[in-house]
Structures are given as structure tokens and as C-alpha cells.
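S.K.: Sharing a sequence plus its predicted fold:
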Amino acid sequence: MSSFSGCKMFESDQRNNGQLPGVQPPSNLFNVPGQMVSSDLVRSIRLVKAGNPASAPVIELNSNEQLGLQFEMLEFDNRQLQIRFTHHNPDWSRSSLPPEFFLDRTFSLYLESGTLSRGTQRPQYRQYSYSFPNEQFSFTKSGNYMLQIEDRDTGYLLFSLPFFVMENEGTILSSVERITTPRRDLRIAHRPVSRYLLPDEVEQPQFDLEFYFVQNQFWGRTRKATEVDFSSLDEVYFELDRNIPFIGDYEFLELRLDQISQQNPQVLEASPYEIPPRLLLFDDVSGFASSGRLLNFGRFGNPDLSLDSRYANVVFTFDPGDLDRDAEIYLLGDFNNWSVNSRNRLRFNEQIGRWQASSIIKEGVYHYKYVLMEENSIDDLRFDDLFLRTPQEYHALVYMHDSREFYHRLLQTNQFISGY
């Protein structure tokens with residue numbers, strides 16, 4: 001039986017995705033530096049454009065657009081939570097701007113109360129919601145931002161998430177080029193290419209502009225476009241280096257937790273009287289389980305926001321083929337912040353001859369992957385299917401360095417989808 005009376009939290013300067021202090025994290029993490037969930041009680045996080053749950057967390061500066069934050073905490077007691085924002089450079093290092101330079105008000109912002117779940121299900125939880133910017137404050141600068149939620153009484157950081165404020169200056173036109181590479185692993189390769197129609201205020205694009213691409217909203221894996229053509233007066237062409245393309249058939253597994261019972265076709269065995277109910281899923285087998293569908297709700301999954309919905313202790317069982325029993329395999333997904341840490345590592349179960357990990361997950365629909373850690377690098381392709389053709393989502397981002405205030409303005413973003 002699981003207990004939720006305790007809460008393991010780290011100081012707010014802990015920034016290594018759950019890695020031990022002093023341990024160098026992998027260079028190919030899914031999350032940006034500083035993005036983290038420090039409390040085991042925090043679940044079902046979402047940060048999306050208000051009114052569009054499938055969107056990336058991007059809003060336009062000086063517009064009516066808002067971001068909607070939702071999350072839940074597996075506890076009965078209410079907390080007072082504090083909200084903070086920090087401004088960042090394109091590489092997610094902190095910019096030089098203090099809060100009074102990017103917020104029009106700098107007084108403290110609080111989430112005063114959460115709403116308790118209904119019914120008799122266990123564990124109980126509290127749901128918190130917040131939409132911003134709002135009547136309390138607005139952003140005055142574009143760029144990369146980090147939202148931080150802290151416990152007001154202790155000052156501990158509970159979690160932090162990245163988002164973007166862009167100016168909607170200029171126009172990006174994008175496409176995806178499918179290329180052939182010398183790789184012999186039969187993978188499809190994608191090379192995003194874009195054309196940026198310059199706004200009038202950009203006078204020296206070759207000196208002031210930077211261009212980036214990201215795949216499937218994994219902001220920690222954003223890549224700078226190194227092939228840039230400034231020969232035209234009115235537009236700039238920027239492309240990803242042909243030698244470092246994105247994987248064009250990147251795959252995800254799908255968990256449809258629309259019912260917490262053995263009637264769910266993905267559930268092998270249910271233990272409804274445990275707290276929370278325990279669900280043992282059918283085995284996942286390396287190379288034979290991908291959803292093969294286009295993602296439609298970003299990197300947060302689609303948890304059921306009803307206060308009547310329940311949580312379950314979901315046990316994943318995986319057959320990775322012939323691997324040593326001390327191999328480092330991790331379960332990463334929408335439900336655990338795509339974070340590589342000890343809580344998400346699979347362990348070999350001698351009794352059944354399979355690898356297992358568990359996670360507390362609310363009813364809803366989620367995507368996940370099994371990844372292998374080797375030589376401090378994440379191998380997230382080892383267990384993929386090879387012959388499925390799944391569309392990929394891309395974003396192009398254009399930044400301009402402001403030489404007067406010394407920060408990077410985010411001029412424009414563009415979402416585009418690859419073909420099969």
C-alpha cells in the first residue's frame with residue numbers, strides 16, 4: 001500500500017533533472033536546464049495556450065493571449081504557493097534582465113487555494129489552475145521564460161516549466177526536407193528548412209539574428225540553424241546542418257488510461273483495493289508497440305481534469321531483448337516530465353524475467369518511451385519500431401539580440417508538421 005504523507009523536495013537551486021549534485025547530466029536531455037519537478041506529490045502538470053490544449057506554450061507579447069497552467073498535488077491539505085518568473089537566453093542561461101525589466105509589476109504572485117477532488121477515491125488530491133498574463137501583471141519583453149512554483153511557507157521549489165513570449169514580427173515559412181544519410185540503421189532523416197521574411201526594424205540581420213529548430217516540443221534539444229543565407233535584402237534562408245538531421249520516424253508508445261480497471265485493454269491485472277489502485281499493464285516489447293500516430297497534445301499528455309477522475313499506480317513491464325541486467329533503462333513520458341532520474345529507472349524482475357517500473361498516473365491519454373543510458377548519453381532510438389511512418393512536429397524560432405538592453409528578443413515562431 002502506498003503512502004503520500006511525505007514529500008521529498010529539493011532546494012530551489014537544484015537544476016540537474018533529478019541528477020545527484022555534482023554529477024554531470026547527459027547533454028541530450030529532453031528538458032531545458034532548470035526545468036524540473038522536485039516533489040513526488042506534483043502530478044498532471046500542463047502549461048498550454050489557453051483554449052488550445054494541443055498548443056506549445058507560446059504567446060504573443062502585448063496581446064490577449066494567455067497561458068493556462070494546471071497541476072495537482074496528491075494531498076488533502078491546502079498549500080499557499082508562490083509564482084515566480086525568470087527571463088532566459090536562447091540557450092536557457094539566465095539573461096541579464098531583472099524582473100522589473102520584463103514584468104510591468106513586480107509584487108509577489110500567489111496561488112492561494114486548490115480545489116479538493118470529489119468522491120471517495122484515494123488518494124485525494126488538490127487541483128490548481130492559473131492563467132497568465134492577467135490583471136495582476138503582464139510581460140514587457142519577449143524571449144524565453146521559466147515559470148517556477150514554490151511552497152510559500154518553506155520557499156522550496158516544487159516545479160519549473162519553460163514557455164515563450166514572442167513579438168510576431170516578420171513571417172516564417174517552413175518545410176521539412178527528407179534526406180538520405182550514410183547511416184545504416186534504416187532510419188528516416190529530416191532537415192527543416194525555413195525562410196524568414198524580415199520586418200523593417202531588422203537592419204543588420206547577419207549580425208543580430210539567430211535561428212533555431214526544435215522537434216516534438218523537446219525544448220532541451222533545440223538546435224541552432226548553422227546554414228544561413230543573408231544574400232537577399234528582404235528575407236533570410238536558414239536550415240539545419242545536413243550532417244546532424246532530426247530523426248524523421250521518431251516513435252512514441254501510447255497509454256490510454258481512460259478507465260482504471262481490468263476492462264482496460266492495456267491492463268493485464270488490476271488491484272482496485274490498493275491505495276492508489278495498482279494496474280499491471282501488458283508487456284511492452286522492443287520494436288513492436290509504437291502508436292504510429294501524430295501527437296496532438298504536446299509534451300504534457302492529456303490528463304482528465306475532472307475532479308472525479310482517479311489516480312493509479314501503473315506498473316510498466318518491458319522486454320528489451322538481450323541486455324545485461326545492470327543496463328540503465330528509463331521510462332520517460334508525459335506523466336513524469338520526460339526526466340531521467342532514479343525514480344524512473346526500470347529494474348529487472350527475476351521472477352518474471354522482465355524489466356519493470358511504476359508511476360502514479362491520473363486517468364487520461366499519454367505518450368512515453370523507454371530509453372537506454374550509455375556513456376552518459378540517452379539512446380532514445382534503441383527500442384523504436386523501424387518501419388512505421390509517423391508525422392513529426394517542428395518549431396522554428398527567430399531571435400534578435402537587442403544591443404541596447406542586452407537580451408535576446410524572440411521575434412517569431414512557426415509550427416509545422418512533416419509528411420509521412
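M.R.: Noted; the coordinates are in hand.
S.K.: Only C-alpha atoms, please: export stretch 151-170 in PDB.
M.R.: C-alpha atoms of stretch 151-170 as PDB (Å, rounded to 0.1, in the frame of the first residue of the first chain):
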ATOM      1  CA  ASP A 151       5.900  26.500  -1.500                       C
ATOM      2  CA  ARG A 152       5.200  29.800   0.200                       C
ATOM      3  CA  ASP A 153       5.900  28.600   3.700                       C
ATOM      4  CA  THR A 154       9.100  26.800   3.000                       C
ATOM      5  CA  GLY A 155      10.500  28.500  -0.100                       C
ATOM      6  CA  TYR A 156      11.100  25.100  -1.700                       C
ATOM      7  CA  LEU A 157      10.800  24.900  -5.500                       C
ATOM      8  CA  LEU A 158       8.100  22.400  -6.400                       C
ATOM      9  CA  PHE A 159       8.500  22.500 -10.200                       C
ATOM     10  CA  SER A 160       9.500  24.800 -13.000                       C
ATOM     11  CA  LEU A 161       8.500  24.900 -16.700                       C
ATOM     12  CA  PRO A 162       9.700  26.800 -19.800                       C
ATOM     13  CA  PHE A 163       7.500  28.900 -22.000                       C
ATOM     14  CA  PHE A 164       7.900  31.600 -24.700                       C
ATOM     15  CA  VAL A 165       6.700  35.100 -25.400                       C
ATOM     16  CA  MET A 166       7.100  36.200 -29.000                       C
ATOM     17  CA  GLU A 167       6.600  39.500 -30.800                       C
ATOM     18  CA  ASN A 168       5.000  38.300 -34.000                       C
ATOM     19  CA  GLU A 169       7.500  40.300 -36.100                       C
ATOM     20  CA  GLY A 170       8.200  39.100 -39.600                       C
END
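S.K.: Give me the mean pLDDT for it.
M.R.: Averaging pLDDT along stretch 151-170 gives 96.
S.K.: Show me which residues of that stretch are buried.
M.R.: When burial is assessed from 16 or more other Cβ atoms under 10 Å, stretch 151-170 yields the following buried residues: 151, 156-170. For every residue, glycine as well, the C-beta is placed using N, CA and C.
S.K.: cool, and stretch 67-84?
M.R.: Those would be 67-75, 79, 81-83, for stretch 67-84 by 16+ other Cβ under 10 Å.
S.K.: possible to save those as TSV with secondary structure and pLDDT?
M.R.: TSV is the format used below for the buried residues of stretch 67-84 (DSSP: H, G, I helix; E, B strand; the rest coil; pLDDT from 0 to 100):
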residue	secondary structure	pLDDT
67	strand	97
68	strand	95
69	strand	96
70	strand	96
71	strand	97
72	strand	97
73	strand	97
74	coil	96
75	coil	94
79	coil	91
81	strand	96
82	strand	96
83	strand	96
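S.K.: Can you pick out the most distant pair from the residues you listed?
M.R.: Within the buried residues of stretch 67-84, 67 and 75 form the most distant pair, 24.8 Å apart (Cβ to Cβ).
S.K.: ok, now how distant is the residue of the chain positioned farthest from its centre from residue 193?
M.R.: Here the chain reaches farthest from its C-alpha mean at residue 233, the gap being 36.8 Å by Cα atoms, centre = their mean. Using Cβ to Cβ, to the nearest Å, one gets 20 Å for the distance from residue 233 to residue 193.
S.K.: Please apply the same query to residue 339.
M.R.: Residue 339 is 32 Å from residue 193, by Cβ to Cβ.
S.K.: mind checking the SS state of residue 335?
M.R.: Under DSSP: H, G, I helix; E, B strand; the rest coil, residue 335 falls in the helix class.
S.K.: mind checking pLDDT for it?
M.R.: Residue 335 is given a pLDDT of 96.
S.K.: check contacts around it.
M.R.: 43-44, 255, 301, 303, 359, 361, 366, 368 (Cβ atoms under 8 Å, 6 or more residues apart in numbering).
S.K.: Tell me how far the residue farthest from the centre of the chain lies from residue 266.
M.R.: 56 Å.
S.K.: Can you pull the domain assignment for this protein?
M.R.: 36-165, 171-249+390-417, 253-379 (automatic domain parsing).
S.K.: Start and end of the second one, how far apart?
M.R.: Using Cα to Cα, to the nearest Å, the end-to-end distance of domain 171-249+390-417 comes out at 17 Å.
S.K.: quick one on the thing from earlier: okay, the residue farthest from the centre of the chain: pLDDT?
M.R.: 92.
S.K.: do the same with residue 38
M.R.: Reported pLDDT for residue 38: 94.
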